[in-house]
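Q: Provide a 3D model corresponding to the input given below.
(one chain, ligands or ions: 2)
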Amino acid sequence: MSETKLHFKTPEELAIMREAGRIVAVAHQEMRRAVRPGVTTKELDTIVETIIRDHGAVPAFLNYPKHNSPNFPASICASVNNELVHGIPSARVLQEGDIISIDIGTVYKGFVGDSAWTYPVGEVSAQVQRLLDVTEQSLFEGIRASVMPNEIRDVALAVYSYVDKQGYSVARDYTGHGVGRVMHEKGLDVPNWWPRRAKERGWTSHRLQPGMTYAIEPMVIAGRAETRELADKWTVVTRDGSLCAHFEHTIAITNDEPIILTLP
Ligand code: MG
Ligand code: MG
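A: Numbers count the residues shown, from 1 in each chain. Ligands and ions are numbered 1, 2, ... in the order given. Coordinates of the predicted model:
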């Protein structure tokens, strides 16, 4: 994290971001219906890409570049069970009892919306449902902490302390981020934990200010916190094979309550 100047959005820019976020939310509404036993993750990807383009937007993830990796080849990240984030859509058929994190990003009139949700496939056990509920609630704990005069550290610790109290782990190597003209704005990371001596480690805890826009995205693991990347150079899985969940909204800081941009 660096001292890069942050981009505070004007009301006009926020209105465009709200539309970019609305398109993401419409796609998620469709996923709520489409995720079921028997569907492939590639089929879900096609549905989302069509919705995004029908709204005059572009999928933010498609061809997303990454150092030493091929560009991301799809419009959604589809991460099943022990896959945490960045799963690549494929011919994989979803089975009753699976869970799938679907991460969707759009670019609309030059601005980005970014939101992820983890869906149960058919019926899941009470234990699995609890992981989903805790992860979703931890996102809203982070949103609730996104008020002035708090700083990013307060948001991170709101997520972390809630998850920790419920007996789960947060993934430490992946964070939320500033969102704007690009999906990952430089200089603004939104972690789901906060280390001791953060400053010495180069972490910056920005004070929240109106016009800041960022994605909060808790990645919660039922087992241990460690993760690893698969040979495809994208898919991140839990190291111990345990289940994990991922929920994300893009929000805007105001003088009052934050605005969730990625709602229908
Ligand atoms: Mg996302
Ligand atoms: Mg994100």
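Q: Ranking helices and strands of the protein by mean pLDDT, which lands last?
A: Within the chain, confidence by mean pLDDT, DSSP states H and E is lowest for strand 185-190 among all helices and strands, at a mean of 96.
Q: Alpha carbons only: can I get that one in CSV?
A: Taking C-alpha atoms only, strand 185-190 is exported to CSV below (Å, rounded to 0.1, in the frame of the first residue of the first chain):
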residue,chain,number,x,y,z
GLU,A,185,-7.5,1.5,-7.7
LYS,A,186,-3.9,2.0,-6.6
GLY,A,187,-3.2,3.2,-3.1
LEU,A,188,-6.4,1.9,-1.4
ASP,A,189,-6.5,-1.7,-0.1
VAL,A,190,-9.3,-2.9,2.2
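Q: which outside residues touch it?
A: 1-7, 142, 152, 155-156, 175-179, 203-204, 206, 212, 214-217 (CB atoms under 8 Å, 6 or more residues apart in numbering). The way it works is simple: take the backbone N, C-alpha and C, and place the C-beta from them, glycine included.
Q: any idea how far Ala20 is from Leu230?
A: Remark: distance between Leu230 and Ala20 (CB to CB, to the nearest Å) = 30 Å.
Q: who touches the residue sitting furthest away from the middle of the chain in this structure?
A: Most distant from the centre of the chain: Glu200, at 26.9 Å, with distances by CA atoms, centre = their mean. Glu200 makes no contacts at all, as judged by CB under 8 Å, 6+ apart.
Q: swap in Gln129?
A: Contacts of Gln129 (CB under 8 Å, 6+ apart): Pro120.
Q: which SSE is it in?
A: Per DSSP states H and E, Gln129 falls inside helix 126-144.
Q: on contacts alone, who are the packing partners of the helix or strand immediately after that helix in the chain?
A: Per DSSP H and E, the first helix or strand lying C-terminal to helix 126-144 is helix 152-165. Judged by 3 or more CB pairs under 8 Å, 6 or more residues apart in numbering; DSSP states H and E, helix 152-165 is in contact with helix 126-144, strand 169-170, strand 185-190.
Q: distance of whatever residue of the stretch 1-150 of the chain ends up closest to ligand 2 from Arg228?
A: Proximity of the stretch 1-150 of the chain to ligand 2 (CB to the ion) peaks at Asp114, 4.3 Å away. When CB to CB is the yardstick, Asp114 and Arg228 sit 24 Å from each other.
Q: Great, nothing more from me.
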